[in-house]
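Asker: Show me the folded form of this:
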Amino acid sequence: MSLVGSILHDIENRCEASTTLDLKTIQSRVDDEGISFLTISLANFGKDFQKSLDLSFVDPSLFAGFSRSGALPRLFGGLLGLVFDKESGVLLDNPNIDAISGIHQITSMFSKIKIECSDRRTKAAFAAYVKCDADVKESDKEFSIELRKEFSLVSSILFSEAFSQVNQLIVDSQLKPKHGSGATAERLSSNKKYTSMHWNSRLEEVFPHMLWMYPNYLSALEEPYGNVDIREPGAELPVRVITVPKTLKTPRIIAIEPTHMQYMQQILLAEIVPRLESSSLIGSMIGFTDQLPNRELARKGSYDGSLATLDLSEASDRVSNQHVLELFRPWPSLSEAVQATRSRKADIPGHGVKRLAKFASMGSALCFPVESMIFLTIIFMAIGRVLNTPVTPKLVSQFRGSVRVYGDDIIVPVRFANSVASTLELLGYKVNANKSFWTGKFRESCGGDYYDGQWITPIRVRRVLPQQRQHSDEVVSTTALRNQLYKAGYWRSVRYLDSLLEEILGGVFPAIEDTSDAVGRHTYLPVSGTSMCPDLQRPMVMAYRKKDKPRVDKLEGYGALMKFFLKSGETPLSEGHLINAGRPLASRLIKGLVYTY
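Answerer: Numbers count the residues shown, from 1 in each chain. Down below sits the predicted model:
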């Protein structure tokens, strides 16, 4: 609440509108409802505020659970009065951009704090995951022959060049697999993935294990490395469905893949993604590694109203495998490879092992690129329908700079927004009306929020504030929060966090450059060290820095040899990679001389 008060004070100074009563209201609601008021109720208020900006007026159905004074909610009434007319609720001709940014900041800053959801909400999330897959099965019934033909034709025009190349690589076995960095269904450590002895018969038909699992022929004959458990479809390991923190309202559901499936998914990911991003036809329309183009288009749309930003609910979990089969159908070897690396079953807490209709959940290496390709296909299906013309390469090329897909972050010209939304719904996807914008001047895409061309993205609190120095992750996160607020000019909030961190760190919280490894304060003022490094002649200062405790994960023999052969790129493997690997066991803050930049 001290941080909330500081943020409100900074917003009040910028807008010259009192927030004293707002702080009292928030304090009272937090006393009654707990932190969920900040993380859920206030976040819902913020979503309704965004929708009001999009509608250009405050709809009476919005801001449920908050009392009103005239057409506007009482909470933040002073600030809202700088944006909307108090009596009619209509957007002012010249709304105060600082007030818009301030309301967006205070209502959104706690929405994604890393706190575990309640058991009730977690169980509800698993139930929703099961229901979502049932919905996919139902929507598959509506995927008619005519829709299949239309979908296949458009996707072939968009992706034929890349798919043909990858298809030939699979035929020629000119591929190089790799292990991902994430967890696996078998709970294998990072280095132990190289000694995994599981395979599937479906994989065997496309990727024979003798070609992909061993560093050489001799290793395939030795015990126990040569004993591979090749499982038939009925005995395949399912993905392990878990939750990870997203918001206190609902956790994020992900599915952890078996090691061998993740291993061969990566082989396809590495070949498909670069070819799509470098495509002369659609390279500027689809992204997997850079969010900046989406943000730039969102900014443009907020300024001139030409572009819409669309967001989908449960996007990856609603991608039907029937759509994926149609996407790759003209390339049989590629299609067979994609299906062979797809896990068909999921182990869902409270629901057991279920056969899946969806292609894959988050956790599969192919989930993100496949959903992006499907959404881009649907966009051009919708554009073709509006224009009543066949989709051709010439037509597609006309939309460079106005169509962009990054996962489920979709940008299209406003003219086609309704058609794209309805075509997505026709194919079983759910457009999130609360996060899709095209009528007002608010736009949001890939973590960039804009109003009338102005950046208003909120600075978020990612972790609870630390109470002692031993809370190293919280100290580092709060330091990052402090430095973001400093660059955004929230001076009262910065002073509050400075005092908090200085007390926890015993006064050791120096000014540093933003390139330093130290836990310290970024500043626009000149930075000077307290001593000089005798070897590099770089200024140093006494500060804390985070040090991780490495995870012991020894690898030797043929597994170590395989890790060497699978290495790609020019960057060498880290020193001691055969002894320590994976995420650190723990971290702590250590004090010493650290470079100021």
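Asker: what's downstream of the longest helix seen in the chain, the next helix or strand?
Answerer: Longest helix in the chain by number of residues (criterion: DSSP state H): helix 145-171. On the C-terminal side of helix 145-171, the nearest following helix or strand under DSSP states H and E is strand 198-200.
Asker: That next one: what's the following helix or strand?
Answerer: Downstream of strand 198-200 (by DSSP H and E), the next one is helix 201-206.
Asker: Any idea how many residues pack against residue 527?
Answerer: By the measure other Cβ atoms under 10 Å, the count of residues near residue 527 is 19. For every residue, glycine as well, the C-beta is placed using N, CA and C.
Asker: now for the longest helix of the chain, which elements pack on it?
Answerer: helix 259-277, helix 321-328, helix 332-340, helix 367-387, helix 393-397 (3 or more Cβ pairs under 8 Å, 6 or more residues apart in numbering; DSSP states H and E).
Asker: Nearest to residue 305, out of those helices?
Answerer: Taking Cβ to Cβ, helix 367-387 is the member of these nearest to residue 305, at 17.9 Å.
Asker: dump the residue contacts of the residue sitting nearest the centre point of the chain.
Answerer: In the chain, the centroid-proximal residue (Cα atoms, centre = their mean) is residue 446; its distance is 8.1 Å. Each residue near residue 446 by Cβ atoms under 8 Å, 6 or more residues apart in numbering is listed here: 291, 294-295, 298, 406, 409.
Asker: Which one of the residues you listed is nearest to residue 111?
Answerer: residue 409 (17.4 Å).
Asker: Give me the contact list for stretch 289-302.
Answerer: Residues outside stretch 289-302 that contact it (Cβ under 8 Å, 6+ apart) are 273, 277, 284, 287, 306-309, 401-402, 404, 406, 409, 411, 414, 438, 441-448, 450-455.
Asker: Narrow those residues to those in strands?
Answerer: Mapping the contacts of stretch 289-302 onto strands (DSSP state E) picks out 307-309, 404, 406, 409, 411, 442-445, 448, 450-451, 454-455.
Asker: among those, which ones are buried?
Answerer: 307-309, 404, 406, 409, 411, 442-445, 448, 450-451 (16 or more other Cβ atoms under 10 Å).
Asker: from these, which is closest to residue 336?
Answerer: Looking across those and measuring by Cβ to Cβ, the closest to residue 336 is residue 406, at 27.9 Å.
Asker: does the closest one really touch residue 288, like I thought?
Answerer: Yes. Between residue 406 and residue 288 there is a contact under Cβ atoms under 8 Å: 7.4 Å.
Asker: Identify the contacts common to the two.
Answerer: By Cβ under 8 Å, 6+ apart, the residues touching both residue 406 and residue 288 are residue 372.
Asker: Which pLDDT value does the model give residue 552?
Answerer: On pLDDT, residue 552 comes in at 93.
Asker: which ones are touching it?
Answerer: Contacts of residue 552 (Cβ under 8 Å, 6+ apart): 579-580.
Asker: Test for you: state the pLDDT assigned to residue 424.
Answerer: Reported pLDDT for residue 424: 97.
Asker: and residue 84, what are its bridge partners?
Answerer: For residue 84, the beta-bridge partners are residue 91 (DSSP bridges).
Asker: Could you tell me which residues make contact with it?
Answerer: Residue 84 sits in contact with 52, 57-58, 71-72, 90-92, 95, where contact means Cβ under 8 Å, 6+ apart.
Asker: 6 Å instead?
Answerer: Applying Cβ atoms under 6 Å, 6 or more residues apart in numbering, we find residue 84 in contact with 58, 72, 91.
Asker: How much space separates the nearest residue in space to the second one that is not next to it in sequence from residue 92?
Answerer: Taking Cβ to Cβ, 6 or more residues apart in numbering as the measure, residue 72 lies nearest to residue 80, with 4.7 Å between them; neighbours along the chain are not counted. To residue 92, residue 80 is 10 Å away according to Cβ to Cβ, to the nearest Å.
Asker: of these two, who's got more company?
Answerer: Neighbours were counted for residue 80 and for residue 92 using other Cβ under 10 Å; residue 80 has more, 27 against 13.
Asker: all strands for the stretch 401-550 of the chain, in order.
Answerer: Counting by DSSP state E, counting those that start in this stretch, the stretch 401-550 of the chain has these strands, from start to end: 404-406, 409-413, 430-431, 442-445, 448-451, 454-455, 511-512, 521-522, 531-532, 539-549.
Asker: Make JSON lines from these and add mean pLDDT and distance to residue 155 to it.
Answerer: What follows is these, written out as JSON lines (pLDDT from 0 to 100; distance: least, Cβ to Cβ, whole Å):
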{"stretch": "strand 404-406", "mean pLDDT": "97", "distance to residue 155": "13"}
{"stretch": "strand 409-413", "mean pLDDT": "97", "distance to residue 155": "16"}
{"stretch": "strand 430-431", "mean pLDDT": "95", "distance to residue 155": "20"}
{"stretch": "strand 442-445", "mean pLDDT": "96", "distance to residue 155": "23"}
{"stretch": "strand 448-451", "mean pLDDT": "96", "distance to residue 155": "28"}
{"stretch": "strand 454-455", "mean pLDDT": "97", "distance to residue 155": "35"}
{"stretch": "strand 511-512", "mean pLDDT": "95", "distance to residue 155": "50"}
{"stretch": "strand 521-522", "mean pLDDT": "96", "distance to residue 155": "46"}
{"stretch": "strand 531-532", "mean pLDDT": "92", "distance to residue 155": "61"}
{"stretch": "strand 539-549", "mean pLDDT": "94", "distance to residue 155": "44"}
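Asker: Export these to CSV and append columns for distance to residue 315.
Answerer: Shown next, in CSV, are the strands of the stretch 401-550 of the chain (distance: least, Cβ to Cβ, whole Å):
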stretch, distance to residue 315
strand 404-406, 11
strand 409-413, 9
strand 430-431, 8
strand 442-445, 14
strand 448-451, 18
strand 454-455, 25
strand 511-512, 40
strand 521-522, 35
strand 531-532, 52
strand 539-549, 33
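Asker: who touches stretch 252-261?
Answerer: Against stretch 252-261 from outside (Cβ under 6 Å, 6+ apart): 125, 129, 183-186, 188, 193, 196, 198-199, 237, 239-241, 243-244, 246, 341, 343, 346, 361-364.
Asker: May I see the ChimeraX selection of the buried members of those?
Answerer: Applying 16+ other Cβ under 10 Å to the contacts of stretch 252-261, the buried members can be selected in ChimeraX as follows:
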select :125,129,183,184,185,186,188,193,196,198,199,237,239,240,241,243,246,341,343,346,361,362,363,364
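Asker: Could you list the buried residues of the longest helix of the chain?
Answerer: 147, 150-160, 162-163, 166-167, 169-170.
Asker: ditto for stretch 409-429
Answerer: Across stretch 409-429, burial judged by 16+ other Cβ under 10 Å covers 409-414, 416-417, 419-421, 423-424, 427-429.
Asker: That one spans what distance, first to last residue?
Answerer: End-to-end distance for stretch 409-429: 13 Å, by Cα to Cα, to the nearest Å.
Asker: circling back: tell me the one of the contacts of residue 84 nearest residue 355?
Answerer: residue 58 (46.4 Å).
Asker: check contacts around the closest residue to that closest one other than its chain neighbours.
Answerer: Among residues not flanking residue 58 along the chain, residue 89 sits closest, at 3.6 Å (Cβ to Cβ, 6+ apart). Counting by Cβ under 6 Å, 6+ apart, residue 89 touches 57-58, 71.
Asker: Can you list phi and psi of residue 89 for me?
Answerer: Note on residue 89: its backbone torsions stand at phi 80, psi 10 [degrees, to the nearest 10].
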